[in-house]
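Visitor: Test case, fold it:
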Amino acid sequence: MMKTSNRLSSVILIFLLSFTTTVLAQLELNKASHDFGSVNANSERTVDFTIVNHYQFSVIMSGFYFDMEVNTQYSPITLKPNDTLIYRVKIFPSKTGVFHKTISLKFYNLVDTLQIDLYATVLTTKFNDNKRLEPLEEKAGQGEEPLKKFPITLLILDKESGRPINSASVSFSAVSPRYKSLNTGNDGRVSHELNNRYKASIYAYGYRPENIVFSLGCDDTTRTVYMTKGSPDDKSEADFFHDYEAANPIKTEEDIEDLPEDEAITLLAPFSAGNYKPNNIVFLLDVSISMIDHNRIALLKTAITQLVNLLRPTDNLSIITFSEDTQLLIEPTFLDEGNRKLVITRINAIKAGGMTNGGKGLKLAYKLMQANYNAEKNNQVLLATDGALGAYMKHEDMVELVKKNAAYTRTSVVTLNGYNWSKIFMHEIAQAGEGRIIAINNEKEAKLLLVKDIKANAIIQ
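Guide: All right, here's what the predicted structure looks like:
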């Protein structure tokens with residue numbers, strides 16, 4: 001019995017060791033060392049390493065390597081699944097002889113530590129090229145739209161007087177350890193070029209610090225920030241913005257608060273109880289981090305689940321999610337009972353996070369619709385969002401994309417406690433797609449409005 005137990009323990013130990021090795025080997029370094037050989041005044045002292053991410057999630061390098069004899073740069077900062085990071089190294093030896101440096105590369109929330117060893121035989125410390133490395137150009141990840149720079153201006157004003165605040169320090173940071181600090185001038189303005197979601201930290205003597213997070217992709221390239229003096233209990237700009245958006249979402253185009261109960265019951269009858277065309281529906285769901293606010297993601301799940309429970313086996317449904325990445329969550333699926341349960345399970349598992357790339361999602365939605373188009377069906381693309389579609393694609397290009405596809409599919413916009421400042425843009429998309437705005441701001445609207453719109457489009461007169 002003891003021998004059997006020992007053999008079993010050995011097997012378990014071997015299994016665990018092999019499992020650990022697999023888990024810790026998801027970041028692939030192209031080589032673990034580099035020998036520069038004999039280094040003289042004209043020698044090449046720069047080398048590139050590559051790291052491929054084999055995890056099914058994005059990773060971010062943590063910490064900075066500081067050494068006066070080694071200069072490093074890398075890009076991209078966020079390494080997405082199957083993407084490649086370039087890690088560039090340049091050496092500046094301070095003495096002749098044998099040179100050896102070890103660089104440890106660590107990543108947020110991972111136990112992985114990659115190690116790079118650098119070797120050289122240094123013949124001189126006087127080099128013709130003493131320039132430090134330039135930052136590597138930021139590039140879009142695999143399969144993404146090219147990053148586009150958008151100008152942004154922050155106008156920093158005193159909340160009480162409305163006057164510009166001079167010499168306020170503004171630090172811009174992305175969802176990554178890369179920063180840019182600027183100071184306001186006499187007019188209280190500071191300008192910078194950004195792409196997508198950024199945070200701005202603002203400091204001024206005598207004022208409460210402000211931290212605001214904003215996603216580009218709207219037409220107002222100048223944002224006004226009011227700073228408060230005095231009590232730390234005063235609301236921050238982020239608080240004012242959050243409260244304003246909660247109180248002033250995009251409103252529904254129809255009032256259902258007083259809808260009689262019998263009409264609501266009729267509206268929520270299964271599609272099989274009426275005379276409707278088969279549906280071919282593509283949902284494009286914004287699951288970026290801003291969808292967490294104001295109960296948006298919960299309302300979205302309620303609305304789609306309500307619809308799925310009413311559709312028939314003859315109805316075809318696809319779901320695409322987008323944040324910084326685009327995912328085909330549900331391939332074109334006919335909703336028999338088994339598929340219906342699978343779809344609802346996946347809807348309930350949706351989580352919000354990341355930046356926003358609405359343009360890429362729209363392209364995939366139309367590609368999917370083209371592949372499954374049927375003139376005898378109700379063909380609809382439904383874009384569900386809070387209104388901030390990101391800065392990877394310009395507004396006018398998105399509207400033009402929707403307009404080009406209007407010949408074979410209707411595109412409507414489902415706003416979920418949508419940003420009021422995005423209302424005009426949302427209407428432009430709906431108008432270009434010959435659809436409408438479906439504004440969902442509470443539980444009742446979530447259960448009724450989406451179903452009502454699809455039934456109105458699918459009904460056979």
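Visitor: residues of the host helix or strand of residue 303 that come out buried?
Guide: Here residue 303 sits within helix 296-310, counting by DSSP states H and E. For helix 296-310, the neighbour count (16 or more other Cβ atoms under 10 Å) marks 296-297, 299-308, 310 as buried. C-beta: built from backbone N, CA, C; applies to glycine.
Visitor: Show me where the stretch 251-400 of the chain dips below the pLDDT cut-off.
Guide: Within the stretch 251-400 of the chain, the segments meeting pLDDT under 70 span 252-255, 355, 390-392.
Visitor: can I see the domain layout of this structure?
Guide: Split into domains by automatic domain parsing, the chain comes to 25-142, 150-247, 261-458.
Visitor: Need the winner for burial among the ones you listed.
Guide: Stretch with highest mean neighbour count among these: domain 261-458 (a mean of 19; mean count of other Cβ atoms under 10 Å).
Visitor: which residues are contacting the helix holding residue 303?
Guide: 268-271, 283, 285, 287, 290-291, 317, 319, 335, 340, 343-344, 347-348, 350-352, 384, 386, 414, 416-417, 440-443, 445-447, 449-451, 454 (Cβ atoms under 8 Å, 6 or more residues apart in numbering).
Visitor: let's go with 6 Å and repeat that
Guide: Helix 296-310 is contacted from outside by 270-271, 291, 343-344, 347, 352, 384, 386, 416-417, 440, 446-447, 450-451, using Cβ atoms under 6 Å, 6 or more residues apart in numbering.
Visitor: Alpha carbons of that helix, as CSV, please.
Guide: Presented in CSV, the C-alpha positions along helix 296-310 are these (Å, rounded to 0.1, in the frame of the first residue of the first chain):
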residue,chain,number,x,y,z
ARG,A,296,-25.0,49.9,-18.6
ILE,A,297,-23.7,46.3,-18.9
ALA,A,298,-26.5,45.0,-16.7
LEU,A,299,-29.2,46.8,-18.8
LEU,A,300,-27.6,45.4,-22.0
LYS,A,301,-27.7,41.8,-20.7
THR,A,302,-31.4,42.2,-19.6
ALA,A,303,-32.4,43.6,-23.0
ILE,A,304,-30.7,40.9,-25.1
THR,A,305,-31.8,38.0,-22.8
GLN,A,306,-35.4,39.2,-23.0
LEU,A,307,-35.2,39.2,-26.8
VAL,A,308,-33.5,35.8,-27.0
ASN,A,309,-36.2,34.2,-24.9
LEU,A,310,-38.9,35.4,-27.3
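Visitor: What is the helix or strand following that helix packed up against?
Guide: Where DSSP H and E defines the elements, the next helix or strand beyond helix 296-310 is strand 316-322. Secondary-structure packing of strand 316-322 (3 or more Cβ pairs under 6 Å, 6 or more residues apart in numbering; DSSP states H and E): strand 279-286, strand 326-334, helix 358-372.
Visitor: Ok, which of those comes nearest residue 114?
Guide: Nearest to residue 114 among the helices and strands packed on strand 316-322 is strand 326-334; the distance by Cβ to Cβ comes to 27.6 Å.
Visitor: Contacts made by that closest one with the rest, please.
Guide: Outside strand 326-334, the residues that reach it (Cβ under 6 Å, 6+ apart) are 313, 316-321, 339, 343, 346, 360-361, 364, 372.
Visitor: Determine the three-state secondary structure at residue 82.
Guide: coil (DSSP: H, G, I helix; E, B strand; the rest coil).
Visitor: Could you check how far it is from residue 59?
Guide: The gap separating residue 82 from residue 59 is 12 Å, by Cβ to Cβ, to the nearest Å.
Visitor: could I get the helices and strands packed on strand 316-322 as a markdown table with distance to residue 151?
Guide: As requested, these are exported to a markdown table (distance: least, Cβ to Cβ, whole Å):
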| stretch | distance to residue 151 |
| --- | --- |
| strand 279-286 | 24 |
| strand 326-334 | 26 |
| helix 358-372 | 19 |
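Visitor: closest one to residue 91 among these?
Guide: helix 358-372 (39.4 Å).
Visitor: Show me where the stretch 51-200 of the chain has its strands.
Guide: With DSSP state E, counting those that start in this stretch, the ranges of strands along the stretch 51-200 of the chain come out as 59-62, 70-75, 78-79, 84-91, 97-107, 113-122, 150-158, 169-173, 179-183, 189-194, 197-203.
Visitor: Check which helices and strands the fourth one sits against.
Guide: It stands for strand 84-91. strand 46-53, strand 70-75.
Visitor: rerun at 7 Å
Guide: strand 46-53, strand 70-75, strand 113-122 (3 or more Cβ pairs under 7 Å, 6 or more residues apart in numbering; DSSP states H and E).
Visitor: now swap in the first one and tell me
Guide: Judged by 3+ Cβ pairs under 7 Å, 6+ apart, the packing partners of strand 59-62 are strand 97-107.
Visitor: And the strand it packs on, what does it pack against?
Guide: Using 3+ Cβ pairs under 7 Å, 6+ apart: strand 97-107 touches strand 59-62, strand 113-122.
Visitor: one more time with 10 Å
Guide: On a contact count with 3 or more Cβ pairs under 10 Å, 6 or more residues apart in numbering; DSSP states H and E, strand 97-107 meets strand 27-29, strand 33-39, strand 46-53, strand 59-62, strand 70-75, strand 84-91, strand 113-122.
Visitor: Just the CA trace of the third one, in CSV.
Guide: Coordinates of the C-alpha atoms in strand 46-53 are reproduced here as CSV (Å, rounded to 0.1, in the frame of the first residue of the first chain):
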residue,chain,number,x,y,z
THR,A,46,22.1,48.0,-30.3
VAL,A,47,20.1,44.7,-30.4
ASP,A,48,16.4,43.9,-30.7
PHE,A,49,14.7,41.1,-28.7
THR,A,50,11.1,40.0,-29.4
ILE,A,51,8.5,38.6,-27.0
VAL,A,52,5.4,36.8,-28.2
ASN,A,53,2.4,36.6,-25.9
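Visitor: tell me the average confidence for that strand?
Guide: Mean pLDDT, strand 46-53: 91.
Visitor: Parallel or antiparallel, list what pairs with it.
Guide: Paired neighbours of strand 46-53 in the sheet (DSSP bridges): strand 27-29 (antiparallel), strand 84-91 (antiparallel).
Visitor: Turn these into CSV, including mean pLDDT and distance to residue 380.
Guide: Below are these laid out as CSV (pLDDT from 0 to 100; distance: least, Cβ to Cβ, whole Å):
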stretch, mean pLDDT, distance to residue 380
strand 27-29, 87, 42
strand 84-91, 91, 38
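Visitor: could those go into a markdown table alongside distance to residue 402?
Guide: Formatted as a markdown table, the strands paired with strand 46-53 follow (distance: least, Cβ to Cβ, whole Å):
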| stretch | distance to residue 402 |
| --- | --- |
| strand 27-29 | 39 |
| strand 84-91 | 33 |
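Visitor: what's the closest of those strands to residue 428?
Guide: So among the strands paired with strand 46-53, strand 84-91 is nearest, using Cβ to Cβ, at 37.2 Å.
Visitor: So which of the strands paired with strand 46-53 is nearest residue 201?
Guide: strand 84-91 (26.5 Å).
Visitor: hang on, the earlier thing: could I get the buried residues of helix 296-310 in TSV, plus columns for distance to residue 117?
Guide: As requested, the buried residues of helix 296-310 are exported to TSV (distance: Cβ to Cβ, whole Å):
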residue	distance to residue 117
296	49
297	46
299	53
300	50
301	50
302	55
303	55
304	52
305	54
306	59
307	58
308	55
310	62
